[in-house]
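Participant: pasting the sequence and the predicted model now:
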Amino acid sequence: MGGGLSPLKSNDKKTERSTQPMETSPLLLRMRGIQKSFPGVRALRDVSLELHRGEVLALMGENGAGKSTLMKILGGIIPPDGGAIEIDGRPVEIPDPAAARALGIRLIHQELMLCPNLDIAGNIYLGEEAGGSPLRILPRAKLARDAAVWMKRVGLDLPPGTMVKQLTPGQMQMVEIAKALAGQARIIVMDEPTSSLSLAEVERLFAIIADLRDAGTAVVYISHRIDEVFRVSNRIAILRDGCRAGDRATAQATHDSVVSMMVGREMKNWYPERARHPGGVVLSVEGLLVPGARSTVSFEARAGEILGFAGLVGSGRTELMQAVFGAVPAESGTIRLAGEAIAVARPRDAIRRGILLAPEDRKLHGLVLPMGVDQNLTLPAIDGYDRFKLLRPRRERDVAERQVAALGIKTPSVRQKAVNLSGGNQQKVVLGKWLAMEPRVLILDEPTRGIDVGARAEIYRHMARLAGAGLAVIMVSSDMEEIIGMSDRVAVMHDRRITGILPREHISEEAIMNLAMGRPPQAA
């Protein structure tokens, strides 16, 4: 469904206090000279990292910079090739995750590691069930009572017996934190923790992080969202190309200085300048009723414009785009392309007409990860690359190589499996497969989610180029800064209906948030 809008700033005093330096706190963790190589890749080169008690350290860097590798070494998931790790000044070995847990180190991955078929208590104490009866009957009542203590600590007001599959992403995140606290965590690593949270859930998470910090727990916070990093962290450490690129107190950092350290150069024109002169209506949606909605939706997308769609979690943005694309058939309404009414009962109908969707979850719905870059780039138009039902590999490869060059996809070969690419390059492959089909309307659902600042800037440039070439581009985004920076107009949704469409001159955070909460933009 997509995460909620991320605010550009906040007046939350508790999280603002977290940006103060931590030089006086005792040193908890030191990683020195960490080295790691994989076949053909030097992932980490002599990387050092320090973490103090009660500190929130933001670990930043582009995709492929080495952040996840470094944290997997700390968590005992992979071994280092060299270097040393100290906890409380004493050298330690972390050969496996069990050893990391015994040292009080817990990793909360971006893709949450919970069992949906177990209840909350079962997930919190999964792997920690020692103490059962000799007949191996688990003391479920005791587990539920103990779990309730940690659930209360993170503000999860649900019965411990609630099945995890019934929870929202934000509630699942709280279960992961409760699980870490139950394991007496001293260091908690959070990898992109807000990527699928609502605005209220983000605020709750930040409050919990502040409480953890005040209690002396150290947090490593990995995020590409710079506004979040400035709100929640004390210090920022940056990796670039497997090396330590910089380290500074959050209070002394600026947006531009952080970006420059991440990419190794000064970043100017973050959102590309372009002529904003939309042409005629390309796509017209009239009275579309999406399954589950109580009212219909209407909007128009014009040639040469980027139409942004904003809203909170559950507002229905993704479902609306799926209906336009035919992935979720609408119950009623009309879709017109260049004035002609068209039937869109399934994605094939939309694709044939040039209405293409790059989905929110690129790994689940946008790519076939075990297949090569070339196969992913040409899969939607495979009928054009065969003759007498026989594939023509040379033609398929030529198309793939053109798209790789045009989009700057970083891959050693077009035959490289998509699963091995960084998030930003995977997103370019999703974009490239549709551009190879010459779309008329391109729908991008969360186009920069989980990708680094350098790749974001490239995606923005491609979007501007496509709009400049006359495409109608629709962008669904939960990033407020992105919505404001890239959109010619912004359609805001609340409760599965459009509450307003803002022209460029009226786009502001206040106007968008008021509409997203169902209020008129003038309301206080």
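Facilitator: Nice, I can see it.

Participant: for stretch 431-442, how far is the first residue from the last?
Facilitator: One end of stretch 431-442 to the other measures 9 Å (CA to CA, to the nearest Å).

Participant: now do that stretch: distance to the chain's middle.
Facilitator: Remark: stretch 431-442 is offset 23 Å from the chain centroid, using CA atoms, centre = their mean, to the nearest Å.

Participant: and that stretch, which residues are buried?
Facilitator: For stretch 431-442, the neighbour count (16 or more other CB atoms under 10 Å) marks Leu431, Gly432, Lys433, Trp434, Leu435, Ala436, Pro439, Arg440, Val441, Leu442 as buried. Where C-beta positions appear, they are placed from N, C-alpha and C, glycine not excepted.

Participant: I figured the fifth one hits Gln403, correct?
Facilitator: It stands for Leu435. Yes. Applying CB atoms under 8 Å, one finds Leu435 in contact with Gln403, separated by 6.7 Å.

Participant: if we can go back for a sec, just send the buried residues of stretch 431-442 back as TSV, with secondary structure too.
Facilitator: Listed next are these as TSV, based on DSSP: H, G, I helix; E, B strand; the rest coil:
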residue	secondary structure
Leu431	helix
Gly432	helix
Lys433	helix
Trp434	helix
Leu435	helix
Ala436	coil
Pro439	coil
Arg440	coil
Val441	strand
Leu442	strand
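
Participant: pLDDT weak spots in this protein?
Facilitator: Along the chain, the model assigns pLDDT under 70 to residues 1-24, 40, 63, 128-138, 196, 265-269, 381-392, 452, 520-524.

Participant: please settle this for me: is Leu444 part of a helix?
Facilitator: No. Under three-state DSSP, Leu444 sits outside any helix and is assigned strand.

Participant: between the two ends of stretch 90-103, how far is it?
Facilitator: Taking CA to CA, the first and last residues of stretch 90-103 lie 12 Å apart.

Participant: off-centre distance for it?
Facilitator: Between the centre of stretch 90-103 and the centre of its chain there are 29 Å (CA atoms, centre = their mean).

Participant: got the contact list for it?
Facilitator: Contacts with stretch 90-103, where a contact means CB atoms under 8 Å, 6 or more residues apart in numbering, come from 73-77, 79, 84-87, 105-107, 183, 186.

Participant: next: stretch 77-89.
Facilitator: Residues contacting stretch 77-89 (CB under 8 Å, 6+ apart): 26-37, 44, 46-47, 69, 72-74, 91-95, 97, 103, 107.

Participant: contact partners for Leu70?
Facilitator: Shown in contact with Leu70 (CB under 8 Å, 6+ apart): Met31, Ile34, Leu44, Val47, Leu49, Leu59, Leu239.

Participant: got the end-to-end distance for stretch 272-282?
Facilitator: Counting by CA to CA, the terminal residues of stretch 272-282 are separated by 23 Å.

Participant: mind listing what's buried in that stretch?
Facilitator: Neighbour count says stretch 272-282 has Pro272, Arg274, Pro278, Val282 buried, by 16+ other CB under 10 Å.

Participant: let me know the closest of the residues you listed to Pro380.
Facilitator: Val282 (19.9 Å; CB to CB).

Participant: grab the nearest non-local neighbour of that closest one.
Facilitator: Once flanking residues are discounted, Val282 sits nearest to Ala472: 4.1 Å by CB to CB, 6 or more residues apart in numbering.

Participant: need phi/psi at the spatially closest residue to Arg294 that is not a sequence neighbour.
Facilitator: Spatial nearest neighbour of Arg294, excluding adjacent residues (CB to CB, 6+ apart): Arg496 at 6.9 Å. Here is the backbone geometry of Arg496 (degrees, to the nearest 10): phi 60, psi 30.

Participant: nearest residue to Ala180 in space, please, no chain neighbours.
Facilitator: Arg106 (3.8 Å).

Participant: how many neighbours does Asp509 have?
Facilitator: I think there's a mix-up here, since residue 509 is Glu and not Asp. Residues lying near Glu509 (other CB atoms under 10 Å) number 15.

Participant: just use 523 as the starting number from now, easier for me
Facilitator: I'll keep to 523 as the first residue from here, and by that count the last item is Glu1031.

Participant: I figured it hits Gly1007, correct?
Facilitator: No. Look at Glu1031 against Gly1007 with CB under 8 Å: they stay out of range, at 11.6 Å.

Participant: distance of the nearest residue to Leu891 once chain neighbours are set aside relative to Gly1007?
Facilitator: Nearest residue to Leu891, sequence neighbours excluded (CB to CB, 6+ apart): Val941, at 3.9 Å. Applying CB to CB, to the nearest Å, the value for Val941 to Gly1007 is 31 Å.

Participant: between those two, which has more neighbouring residues?
Facilitator: Gly1007 (15 against 12).

Participant: what's the helix or strand for that one?
Facilitator: In the assignment (DSSP states H and E), Gly1007 maps to helix 1002-1008.

Participant: can I get the CA coordinates of that helix in PDB?
Facilitator: Provided in PDB are the C-alpha atoms of helix 1002-1008 (Å, rounded to 0.1, in the frame of the first residue of the first chain):
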ATOM      1  CA  MET A1002       7.300  14.800   1.000                       C
ATOM      2  CA  GLU A1003      10.500  16.500  -0.300                       C
ATOM      3  CA  GLU A1004      10.400  14.300  -3.500                       C
ATOM      4  CA  ILE A1005       6.700  15.100  -4.100                       C
ATOM      5  CA  ILE A1006       7.300  18.900  -3.700                       C
ATOM      6  CA  GLY A1007      10.600  18.900  -5.700                       C
ATOM      7  CA  MET A1008       9.500  16.800  -8.700                       C
END
